[in-house]
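> next comes the sequence, and after it the predicted model I'd like to discuss.
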2 protein chains.
Amino acid sequence: MNLFPLPLQKLIRDLSKLPSIGEKSATRLAYHLVSKDKVLAGRLATALREVTESVHLCRQCFFLTEEEHLCPLCRNPHRDSSLLCIVEKPMDVISIERLGDFRGYYHVLHGVWAPLRGINEEEIRLKELFLRLDHAPVKEVIVATGSTVEGDATAMYIANHIVGRSIICTRLAQGMPKGGDLEYTDEITLSRAFAGRSNL
Amino acid sequence: MNLFPLPLQKLIRDLSKLPSIGEKSATRLAYHLVSKDKVLAGRLATALREVTESVHLCRQCFFLTEEEHLCPLCRNPHRDSSLLCIVEKPMDVISIERLGDFRGYYHVLHGVWAPLRGINEEEIRLKELFLRLDHAPVKEVIVATGSTVEGDATAMYIANHIVGRSIICTRLAQGMPKGGDLEYTDEITLSRAFAGRSNL
């Protein structure tokens, strides 16, 4: 028999469905909300309601937006339509925009191609990407997925599908991170840093 | 400039106010809710609303309850009114009730006495405890706060306030946990296990 009141049990159960939140953490969070900060609980309920009602994916790049059709990035006519940067998730767009170097458009996959984990082309926005490339004046596709095995596989998958079109497909450089110490750099990173060495 | 839509920014800001959730985790949670599981987001909003509206503290023991005055534990006339167990938080009541050994009543402090961190008698339910002891037929107060420095200090504080009344004040035994290896047991635990040794 669970002694907690039913609404609290429900909140704990729902919180523990969030990624990386177990039942213990969910209980601690629910306890905090109900007995220490009911104002925050109310604000969170409103924020969740607003987000589910007003935030959805941009119909072109699949970034998150409140707009009906296109997000502000896609609607900006001053960006370079010959460049398309492909990322795994919306947070990656934020990271790249923070640099301020890239002036092209984006395409958010919402995942990586990982058939071993059951994530096929249909699970991520790859079909939409290839459809988009049929019509957009893109000259270079920059695959900025993570430098993981699955990120690399996704990049190869995209590159293979683009072959034959007059589009260059590039991948972010892989090598030593700034401040990296050779002694503590893993073999794959070091081998890629060698392969990608450049003239001084 | 933050590129995320405003409702999403608000959700991230509110989530990152939860204990042990930083901005990165809050962003990941918000992203999950908005683009992978809007159903869960809606359920969470409802659960939060319900909890804030219907769950509050029992007026006697300060456990969480939906009842107007007393929680089911306090309303149970078959428990032993001569025993009162004092705990830090509602989750501790659940842990003790799971054992099924204790048949007395509870008092939840919602914290520990920690003047160095600015948590004085008024911040936790100590005043209410002493008031309760004035009227309840309690013969033994079992202080089941954690075996931390602050848990010990809280126990001493309560014991000092009870002196003079005809109430015994006891503390949960401290010693080796089940499965504990002497080699890896810290000095304080080992020293308390020695001091509290019992006849075989």
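Sure, I can see it. Bear in mind that the values here come from a model prediction, so they are computed numbers and not experimental data. Numbers count the residues shown, from 1 in each chain, chains lettered A, B, ... in the order given.
> the residue positioned nearest the centre of chain A and chain B, how far apart?
Closest residue to the average C-alpha location of chain A: residue A:89 at 0.9 Å, with Cα atoms, centre = their mean. Using Cβ to the nearest Cβ, to the nearest Å, we find residue A:89 at a distance of 7 Å from chain B. Any C-beta I mention is one placed from the backbone N, CA and C, and that applies to glycine too.
> show me what contacts residue A:89?
Residues near residue A:89 by Cβ atoms under 8 Å, 6 or more residues apart in numbering or on different chains: A:108-111, B:31.
> most widely separated two among the residues you listed?
Farthest pair in the contacts of residue A:89 (Cβ to Cβ) is A:109 and B:31. Separation: 13.3 Å.
> part of a strand, is residue A:142?
Yes: counting by DSSP: H, G, I helix; E, B strand; the rest coil, residue A:142 is found in a strand.
> my read is that residue A:167 contacts residue A:139, right?
Yes: if you go by Cβ atoms under 8 Å, residue A:167 and residue A:139 touch, sitting 6.3 Å apart.
> quick one on the thing from earlier: could you dump the contacts of residue A:89 to JSON lines with secondary structure?
Shown next, in JSON lines, are the contacts of residue A:89 (three-state DSSP):
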{"residue": "A:108", "secondary structure": "strand"}
{"residue": "A:109", "secondary structure": "coil"}
{"residue": "A:110", "secondary structure": "coil"}
{"residue": "A:111", "secondary structure": "coil"}
{"residue": "B:31", "secondary structure": "helix"}
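> can you list the neighbours in contact with the longest helix anywhere in chain A?
Longest helix in chain A by number of residues (criterion: DSSP state H): helix A:38-54. With Cβ under 8 Å, 6+ apart as the test, helix A:38-54 has contacts from A:33-34, A:66, B:5, B:7-8, B:10-11, B:14-15, B:17-18, B:30, B:33-34, B:38, B:41-42, B:44-46, B:48-49, B:51-52.
> of those residues, buried ones?
A:33-34, A:66, B:5, B:7-8, B:10-11, B:14-15, B:18, B:30, B:33-34, B:38, B:41-42, B:44-46, B:48-49, B:51-52 (16 or more other Cβ atoms under 10 Å in any protein chain shown).
> tell me the spacing between residue A:19 and residue B:187.
Distance, residue A:19 to residue B:187, by Cβ to Cβ, to the nearest Å: 39 Å.
> more crowded one of these two?
Under the criterion of other Cβ atoms under 10 Å in any protein chain shown, the comparison of residue A:19 against residue B:187 puts residue A:19 first, with 12 against 7.
> element containing that one?
Remark: residue A:19 resides in no helix or strand, with elements defined by DSSP states H and E.
> run a quick neighbour tally on the closest residue to residue A:172 other than its chain neighbours.
Of all residues not flanking residue A:172 in the chain, residue A:144 sits nearest, at 5.2 Å (Cβ to Cβ, 6 or more residues apart in numbering or on different chains). Residue A:144: 22 surrounding residues under other Cβ under 10 Å.
> need the contact list for residue A:144.
A:85-87, A:92, A:96, A:172.
> those in strands, which ones?
A:85-87 (DSSP state E).
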